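> Quick one, what's the 3D model for this:
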Amino acid sequence: MKVDAFPDRTITVDDKNYLYFGGTAYLGLATHKEFQNHIIEGIRKWGAFFGSSRNANVKLSIYDIAESELAEWVKAEATATVSSGALAGKLVLDYLSKTSSSFFHYPKTHPAIVAKDSLPLFVNGKLHPKLTDQHKEHIMISADAMLALEVYPTSFSFLETISEYKTITLLLDESHSIGLLGESGCGIYSSINSARLKQKIMVSSLSKALGLSGGLIAGNRLMINDIKNESAFISSSSANPAYLHAFVKGHDIYEVQQKNLKSNMAFLFSLLKPEIVESQNEGYPVLYFQKEGFYNSLLKRGIIITSFEYPSYTLPMNRVVITANHTKEDLKTLASALNQMA
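Purely as a prediction, here's the structure:
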């Protein structure tokens, strides 16, 4: 279905209004007037777009300011911003291909951070045999912080069972966790402290909860500096500086919207039947359901959710997304529908 305006808490399709519980604007920033004003202010100061190389002689100071604040927030030594999360993943994979001899990926990891010749992390429920042998090598493991169809963060306990002969780099995609999980929404990057890791790197789209146009790479300062000197980084488009301006100016807005979202989740879960609650997570604003006819049943009740085919899954994904902008009446309507369908 095509719509003629951004869908916030409601959506209009064929001249009919529906409640909308879809998308990825978890903090509701796309339609937040004050946040929009920060973007407009950023456009007036930094221009609608910055097409020059980040390594050119004329540089915009907003990049250093925003990247410093992002690093402090996610608890990394340094960060680099780029035009998209997909580009962030590609830059890191290209960089790691120079030093890693084997690549592995957690089941159903987003394709953007899976190397071309990557091997499955698990085979028949056990670690890939190459991860437990005595061959010394540098390996890279890619994983999503939040897998699609999951409501709890990925567990990294498997790291402790990998052969001590392996030097491990972890590449973590936080696109659906940054802004939502961890202290002040910093994500889970800083909480992964396995002694088995030589290096951990975060990549993320900034367009989900954070409402920004761009992508992020976070890690140790040496790696970030190396990537910023890669030809692909130098020649690629930068993150939009107006949105980075909005990030720097919008910390109070993020805090308020995070509190609103947390309140909405607590209210919704207080209304849902126990059999629904036990399979979901009050701390994460996405509910997943795999029931035949689920999407159409909600549609008949005046509710539209996100439902689409996902590359790593055989069944359609039915995502019920709660945002900071939903009202208590919206949530009552949703809870009533879900309880009736349980």
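> Would you mind measuring from Gly23 to Asn260?
Separation of Gly23 from Asn260 (C-beta to C-beta, to the nearest Å): 16 Å. All C-beta spots, glycine's among them, are computed from the backbone N, C-alpha and C.
> ditto for Asp252
Remark: distance between Asp252 and Asn260 (C-beta to C-beta) = 13 Å.
> ok, those two, which is more surrounded?
Neighbour totals were compared for Asp252 and Asn260, and Asn260 leads with 16 against 9 (other C-beta atoms under 10 Å).
> Now for Leu261, how many residues are close by?
Neighbour count of Leu261, defined by other C-beta under 10 Å: 23.
> and if you look at the one 10 residues further on?
One way to gauge burial is a neighbour count; for Leu271, by other C-beta under 10 Å, it gives 16.
> repeat for Lys198
Lys198: 11 neighbours (other C-beta under 10 Å).
> show me the contacts for it.
138, 167-169 (C-beta atoms under 8 Å, 6 or more residues apart in numbering).
> Confirm for me that Tyr243 is in contact with Gly215.
No: counting by C-beta atoms under 8 Å, Tyr243 stays clear of Gly215, with 11.3 Å between them.
> so what sits against both of these two?
Shared contacts of Tyr243 and Gly215, defined by C-beta under 8 Å, 6+ apart, comprise Leu206.
> Distance check, Gly23 against Ile139.
Gly23 sits 36 Å away from Ile139, going by C-beta to C-beta.
> Next: Thr24.
According to C-beta to C-beta, Thr24 and Ile139 sit 31 Å apart.
> The two: who's more crowded?
Counting neighbours by other C-beta under 10 Å for Thr24 and for Ile139 shows that Ile139 has the greater number, 23 against 18.
> quick one: secondary structure of that one?
strand (DSSP: H, G, I helix; E, B strand; the rest coil).
> list the contacts for the closest residue to it other than its chain neighbours?
Closest residue in space to Ile139, ignoring its immediate chain neighbours: Ser102 at 4.7 Å, by C-beta to C-beta, 6 or more residues apart in numbering. Contact analysis of Ser102 by C-beta under 8 Å, 6+ apart lists 119, 130, 137-140.
> Widest-spaced pair of the residues you listed?
Based on C-beta to C-beta, the longest span within those runs between Leu119 and His138 and measures 14.4 Å.
> Just want the phi and psi numbers for the residue of the chain most remote from its centre.
In the chain, the greatest distance from the average C-alpha position (C-alpha atoms, centre = their mean) is reached by Gln134, at 35.0 Å. Here is the backbone geometry of Gln134 (degrees, to the nearest 10): phi -110, psi 20.
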